[in-house]
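Asks: generate a structure from the sequence data that follows.
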Amino acid sequence: MLRRLRNFCIPCVTTVVLACLSDAVAQTSYKVTDLGILPNDNMSCAMALNNHGWTLEQDAVVAPPLTGQPVASSAVVNMDGFKIDVGTFGGLNSWMNWGGINDRGEAVGIAETSVPDPDGEDVCSIGTKLTCLPFLWYNGHKSALPTLGGNNGQASDINNSGQIAGTADTTATEPAESACPNPSVHTSLPVLWEQGKVRQLPMVGPDPDGFAFAINDLGQVAGYTGTCGGKYAKHAVLWENNTAFLLDDLKGGSQAMGINNLGQIVGIVGIPGKSPIYAAFWQNHALTNLGTLPGDFAAIATGINNRGQVVGSTFDSNWNWAHAFIWQNGVMTDLNTLFPADSNLFATMANKINDRGQISGMATVLSGPDVGKIHSFLATPVNASVGTSVADVAPTRPGPDLPENLGKQFLERLGLGRQQ
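Replies: Numbers count the residues shown, from 1 in each chain. Purely as a prediction, here's the structure:
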């Protein structure tokens, strides 16, 4: 999927819209910290988060009005406001697939080399078509992780034992029956890196590709299998004790994106023949469809902590990032309704939640010198009832009005639109 969901983090518009909620409920509210952007950038998104509140952010320059792919990007470690650009392997850009940073401050992601990809692939999705390698960063030092013999790889998450989940290219090309846009693309398989060595995870079913997307402290891994070098996600998978298990879905494609130490999993689920995708929760392999927020068209769930709190993002009918949400006690809530009334940020994306309840994500700046730009944020729970918030004064969202074929195009971009 995301060469992949990474491209999702580029907002399609800067217009701020949200549904008007009639009753603010007395529950946890948040102190919101604007983590800003790097100089000369116009977009930042706090992807990964550890229990110290340190974040792994993706900063970028995106052409106005913040549409399409970035023209430059950097993976940035933020430790209590001290930002460190992790750098590259000789190329121009670095990034991450939702990313991972553990409590020791070890971070993982992907970075370009200076070598053109011999098959013209663009794994880092910046348009440079340079080979792209997975990395482990710690204390200012970055090391490349091995592939399965192919040109590229992507590290997506790291647990507190230092195990790293991701995907790595092989030397084999994609089967002809996959009907990939680039027929020379190499298969990419789910892997774990341990002490610098790569180990392939088992596959399940006929899919030729796979991606280990998230890992917990017990070594359980969540991800998916699919086709076209992992560009198209088809089946959510749990790897446990070196065995792959398919997770329940609705037969319209699925992807697992987060897992906690209780084995609870979150991600995305699709419905056959329909464009929307929905936030998903799995427990004991069984699926609960979390749906989306009222007035929104689709949703993804990307983070879950050990208390079972889930965070994610919704989309409007034009596939613009719409709202960051938190799901707890069986209820999905727009995170903006829990922000203080004087917050200058409108959260459109929530990515991870730690065991302290802190949430990382991205938000549109509402006023001031950076109005309209996208900043990373960290939301920290406070013991207070919710009063008037930005949601109480925002206009009501119009109903879904999806242009023809737009949903199908979006699902293919997501990896849920190419089903057998």
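Asks: what helices or strands is the helix or strand containing residue 74 leaning on?
Replies: Residue 74 belongs to strand 70-79 when assigned by DSSP states H and E. The contact analysis (3 or more C-beta pairs under 8 Å, 6 or more residues apart in numbering; DSSP states H and E) places strand 70-79 against strand 43-49, strand 55-62, strand 82-85, strand 90-101, strand 107-116. C-beta here means a position set from N, CA and C on the backbone, and glycine is covered the same way.
Asks: let me have those strands in TSV, adding mean neighbour count and distance to residue 328 as columns.
Replies: What follows is the helices and strands packed on strand 70-79, written out as TSV (neighbours: other C-beta atoms under 10 Å; distance: least, C-beta to C-beta, whole Å):
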stretch	mean neighbour count	distance to residue 328
strand 43-49	28	17
strand 55-62	26	21
strand 82-85	14	30
strand 90-101	24	20
strand 107-116	22	27
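Asks: wouldn't residue 126 be in contact with residue 110 here?
Replies: No: using C-beta atoms under 8 Å, residue 126 is not in contact with residue 110, being 10.5 Å away.
Asks: which residues do those two both contact?
Replies: residue 95 (C-beta atoms under 8 Å, 6 or more residues apart in numbering).
Asks: let's check: the centremost residue of the chain is which one?
Replies: Nearest to the mean C-alpha position of the chain, by C-alpha atoms, centre = their mean, lies residue 98 at 3.8 Å.
Asks: wait, isn't residue 247 in contact with residue 237?
Replies: Yes: using C-beta under 8 Å, residue 247 is in contact with residue 237, at 6.6 Å.
Asks: mutual contacts of these two, please.
Replies: What both residue 247 and residue 237 touch, as defined by C-beta under 8 Å, 6+ apart, is the set residue 256.
Asks: what about the closest residue to the residue nearest to the centre of the chain other than its chain neighbours, distance to residue 120?
Replies: Excluding the flanking residues, the one nearest residue 98 by C-beta to C-beta, 6 or more residues apart in numbering is residue 47, at 5.2 Å. To residue 120, residue 47 is 27 Å away according to C-beta to C-beta, to the nearest Å.
Asks: again, but for residue 341
Replies: Per C-beta to C-beta, residue 341 is found 51 Å from residue 120.
Asks: next one: residue 213
Replies: 25 Å.
Asks: the more surrounded of those two?
Replies: Applying other C-beta atoms under 10 Å to residue 213 and residue 120 shows that residue 213 carries more neighbours, namely 33 against 10.
Asks: please tell me I have it right and that one contacts residue 257.
Replies: Yes: in terms of C-beta under 8 Å, residue 213 counts as a neighbour of residue 257; the distance is 5.5 Å.
Asks: contact partners for residue 143?
Replies: Residue 143 sits in contact with 135-136, 196, where contact means C-beta under 8 Å, 6+ apart.
Asks: most surrounded residue in the residues you listed?
Replies: Within the contacts of residue 143, most neighbours by other C-beta under 10 Å means residue 135, with 25 neighbours.
Asks: secondary structure class for that one?
Replies: What DSSP: H, G, I helix; E, B strand; the rest coil gives for residue 135 is strand.
Asks: what is the mean pLDDT for stretch 304-323?
Replies: Here stretch 304-323 scores 94 as its mean pLDDT.
Asks: list the buried residues for it?
Replies: By 16 or more other C-beta atoms under 10 Å, the buried positions in stretch 304-323 come out as 304-305, 309-323.
Asks: quick revisit: need the per-residue pLDDT for the residue nearest to residue 98.
Replies: For residue 47, pLDDT reads 96.
Asks: mind starting the numbering at 314 from now?
Replies: Sounds good: first residue 314 from here, last item residue 360.
Asks: who's in contact with it?
Replies: With C-beta under 8 Å, 6+ apart, residue 360 has these contacts: 322, 368-371, 409, 411-412, 664-665, 673.
Asks: quick one on the thing from earlier: now do the contacts for the residue nearest to the centre of the chain.
Replies: Residues near residue 411 by C-beta under 8 Å, 6+ apart: 318, 360-361, 469-470, 526-527, 570, 615, 664-665.
Asks: which of those has the weakest pLDDT?
Replies: Between the contacts of residue 411, the one the model trusts least by pLDDT is residue 318, at 39.
Asks: look up how far residue 625 lies from the residue nearest to the centre of the chain.
Replies: 11 Å.
Asks: where do the contact lists of the two overlap?
Replies: residue 615.
Asks: what about stretch 417-426, average pLDDT?
Replies: If you average the pLDDT values across stretch 417-426, you get 97.
Asks: how about that stretch as PDB, C-alpha atoms only?
Replies: Presented in PDB, the C-alpha positions along stretch 417-426 are these (Å, rounded to 0.1, in the frame of the first residue of the first chain):
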ATOM      1  CA  ARG A 417      15.300   4.300  24.100                       C
ATOM      2  CA  GLY A 418      15.100   6.900  21.300                       C
ATOM      3  CA  GLU A 419      15.900   4.400  18.500                       C
ATOM      4  CA  ALA A 420      14.000   5.500  15.300                       C
ATOM      5  CA  VAL A 421      13.500   3.800  11.900                       C
ATOM      6  CA  GLY A 422      12.400   4.900   8.500                       C
ATOM      7  CA  ILE A 423      13.600   5.100   4.900                       C
ATOM      8  CA  ALA A 424      16.300   7.200   3.200                       C
ATOM      9  CA  GLU A 425      17.500   7.700  -0.400                       C
ATOM     10  CA  THR A 426      20.900   6.700  -1.600                       C
END
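Asks: dihedrals phi and psi, residue 489?
Replies: In terms of degrees, to the nearest 10, the main-chain angles of residue 489 are phi -60, psi -30.
Asks: now the nearest residue to it once chain neighbours are set aside, what's its secondary structure?
Replies: The shortest distance from residue 489 to any non-neighbouring residue, by C-beta to C-beta, 6+ apart, is to residue 496 (7.3 Å). Per three-state DSSP, the local secondary structure of residue 496 is coil.
Asks: so which bits of stretch 592-606 are buried?
Replies: Of the residues in stretch 592-606, 592-595, 600, 603-606 count as buried by neighbour count, 16+ other C-beta under 10 Å.
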